[in-house]
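Peer 1: Generate a structure from the sequence data that follows.
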Amino acid sequence: ILATLFFAASGSLPLLTLAWMGNRLFQSMGWAGAVKTVSRWFPFSSHGTVMGIISLSYLFGDAIARQFLSVLIGHGLSWRQIFAASAAVLASIFIVCLVLLRESPARIGEREAEVNPDNLFTRDAQVTGRPRGWRLVVPFLASPAFRLVCMISLGATILRETFTFWTPTYFSQVVHLSAAQAAMSSGIFPLFGGVSVILCGWLSDRLGRTGRAAIIFAGMLLSAAALAVLGRSEAPSEALAISVMGLLAFLLIGPYSFLAGAISLDFGGKQGSGTASGIIDTVGYLGGVLSGDTMARVFSRYGWGSAFWMLSAVALLTAAAAALFLQ
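Peer 2: Purely as a prediction, here's the structure:
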């Protein structure tokens with residue numbers, strides 16, 4: 001809230017950049033808290049479904065927020081007023097959470113949910129109680145399976161962020177849609193992604209211990225094939241481009257949502273789920289950096305076709321890591 005108000009009060013590029021960085025910093029803290037809260041309220045057998053629903057916050061929530069802001073713009077509000085209105089909405093959400101949200105059922109006299117018995121902290125918690133400090137991080141760094149998940153997070157985030165940022169540009173430059181059509185057509189990505197997270201989350205809860213790994217492997221392998229189709233198409237038709245983008249969203253976003261969500265809960269349980277989510281997201285953010293400036297250089301120098309072939313290779317490498325995680 002404060003960072004958004006600071007943005008509204010700023011007028012120079014350095015201050016706007018500082019406000020943007022602060023906003024990103026504090027927003028990212030919230031996700032780990034949400035994951036930790038889920039670990040206490042919901043049994044591990046439903047974590048895929050629950051985290052799928054919560055993941056709609058950055059898919060359908062993003063679409064709703066854009067529509068809300070477009071209404072404000074349509075009513076003639078200045079950019080400063082729009083950011084002030086956004087801060088007011090955040091303040092309202094803050095008040096609702098402060099009044100209604102409790103970190104665990106124990107706060108209202110109920111039993112906490114059942115935790116995944118295979119989490120990395122079960123034995124440690126039995127011996128010494130809640131781990132503290134560095135001892136909360138070491139089990140993750142020492143786990144080969146967790147390191148594989150971090151590799152998957154890097155590859156999956158490169159793919160997701162690339163399409164989040166560059167889909168409208170692709171529709172405009174390659175498919176030759178107007179700016180308005182490109183913006184509207186790019187909405188297919190969060191739409192199909194939202195369907196994917198719900199379906200994949202529900203399915204993973206019913207496939208047993210290897211369900212999430214199997215879904216990630218299949219999604220990445222099929223994504224590599226879909227990206228190869230775009231790489232071979234120098235001048236794709238509007239129908240082909242939009243259809244493949246929708247398919248990619250369906251194949252990518254559901255598996256991606258597992259990483260800092262249900263899989264973090266599987267590894268961390270009640271003790272370290274927030275830490276697991278933070279580490280996985282940190283590695284993923286490195287992929288987000290690569291999806292920006294690096295991908296822009298690839299597009300401009302080698303063209304979109306070559307970029308899609310490169311992304312197909314990233315998907316294959318991510319699928320290979322998922323295959324090892326599946327074992």
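Peer 1: okay, which residue is most central for the chain?
Peer 2: residue 257 (5.5 Å; CA atoms, centre = their mean).
Peer 1: how many other residues sit next to the residue nearest to residue 60 when sequence neighbours are not counted?
Peer 2: Distances taken as CB to CB, 6 or more residues apart in numbering place residue 194 nearest to residue 60, at 5.0 Å, with adjacent residues excluded. Every residue, glycine included, has its C-beta placed from N, CA and C. By other CB atoms under 10 Å, the residues close to residue 194 number 25.
Peer 1: Which element, helix or strand, includes residue 194?
Peer 2: Per DSSP states H and E, residue 194 falls inside helix 188-206.
Peer 1: Give me the buried stretch members for the host helix or strand of residue 34, please.
Peer 2: Applying DSSP H and E as the criterion places residue 34 in helix 13-41. For helix 13-41, the neighbour count (16 or more other CB atoms under 10 Å) marks 19, 23, 31-32, 34-40 as buried.
Peer 1: ok, now stretch 188-205?
Peer 2: Under the neighbour-count criterion of 16+ other CB under 10 Å, stretch 188-205 has 188-198, 200-201, 203-205 buried.
Peer 1: cool, and stretch 162-181?
Peer 2: Neighbour counts over stretch 162-181 (16+ other CB under 10 Å) mark 162-164, 166-168, 170-172, 174-175, 177 as buried.
Peer 1: okay, how far is it across it, tip to tip?
Peer 2: Stretch 162-181 has its terminal residues 19 Å apart, counting by CA to CA, to the nearest Å.
Peer 1: Show me where the chain has its helices.
Peer 2: Along the chain, counting by DSSP state H, helices occupy 2-9, 13-41, 47-55, 60-74, 79-100, 122-128, 138-141, 144-173, 179-185, 188-206, 211-232, 238-259, 262-289, 295-326.
Peer 1: Mind listing what's buried along the first one?
Peer 2: Neighbour counts over helix 2-9 (16+ other CB under 10 Å) mark 3-8 as buried.
Peer 1: any chance of those in TSV, with distance to residue 85 and pLDDT too?
Peer 2: As requested, these are exported to TSV (distance: CB to CB, whole Å; pLDDT from 0 to 100):
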residue	distance to residue 85	pLDDT
3	15	92
4	10	92
5	11	93
6	15	92
7	12	89
8	9	89
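Peer 1: Which single one of these is nearest to residue 293?
Peer 2: Of all those, residue 293 sits closest to residue 7, with 22.4 Å by CB to CB.
Peer 1: so what's residue 209 up against?
Peer 2: When contacts are counted by CB atoms under 8 Å, 6 or more residues apart in numbering, residue 209 touches residue 118.
Peer 1: so how far is residue 39 from it?
Peer 2: To residue 39, residue 209 is 18 Å away according to CB to CB, to the nearest Å.
Peer 1: And residue 194, by the same measure?
Peer 2: Residue 194 sits 23 Å away from residue 39, going by CB to CB.
Peer 1: who's in contact with the spatially closest residue to residue 6 that is not a sequence neighbour?
Peer 2: Closest residue to residue 6 apart from its sequence neighbours, by CB to CB, 6+ apart: residue 19 at 4.5 Å. Contacts for residue 19 (CB under 8 Å, 6+ apart) come out as 3-4, 6-7, 10.
Peer 1: now swap in residue 175 and tell me
Peer 2: Applying CB under 8 Å, 6+ apart, we find residue 175 in contact with 182, 236-238, 241-242.
Peer 1: How about residue 249?
Peer 2: Contact partners of residue 249, counting by CB under 8 Å, 6+ apart, are 163, 188-193, 196.
Peer 1: ok, so of those, who is nearest residue 48?
Peer 2: Among the contacts of residue 249, residue 196 lies closest to residue 48 (CB to CB), at 12.3 Å.
Peer 1: quick one: low-confidence parts of this protein?
Peer 2: Counting by pLDDT under 70, the ranges of the chain that qualify are 122-133, 180.
Peer 1: From residue 15, how far out is residue 118?
Peer 2: Remark: distance between residue 118 and residue 15 (CB to CB) = 48 Å.
Peer 1: Within its local environment, how many residues does residue 245 see?
Peer 2: As a burial measure, residue 245 scores 22 neighbours (other CB under 10 Å).
Peer 1: That one contacts residue 187, correct?
Peer 2: No - counting by CB atoms under 8 Å, residue 245 sits too far from residue 187 to count as a contact (10.3 Å).
Peer 1: picking up where we left off before, I'd like to know which elements the helix holding residue 194 is packed against.
Peer 2: Other helices and strands packing on helix 188-206, by 3 or more CB pairs under 8 Å, 6 or more residues apart in numbering; DSSP states H and E, are helix 47-55, helix 60-74, helix 144-173, helix 211-232, helix 238-259.
Peer 1: need these in CSV with distance to residue 111, can you?
Peer 2: Converted to CSV, these look like this (distance: least, CB to CB, whole Å):
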stretch, distance to residue 111
helix 47-55, 17
helix 60-74, 31
helix 144-173, 28
helix 211-232, 26
helix 238-259, 26
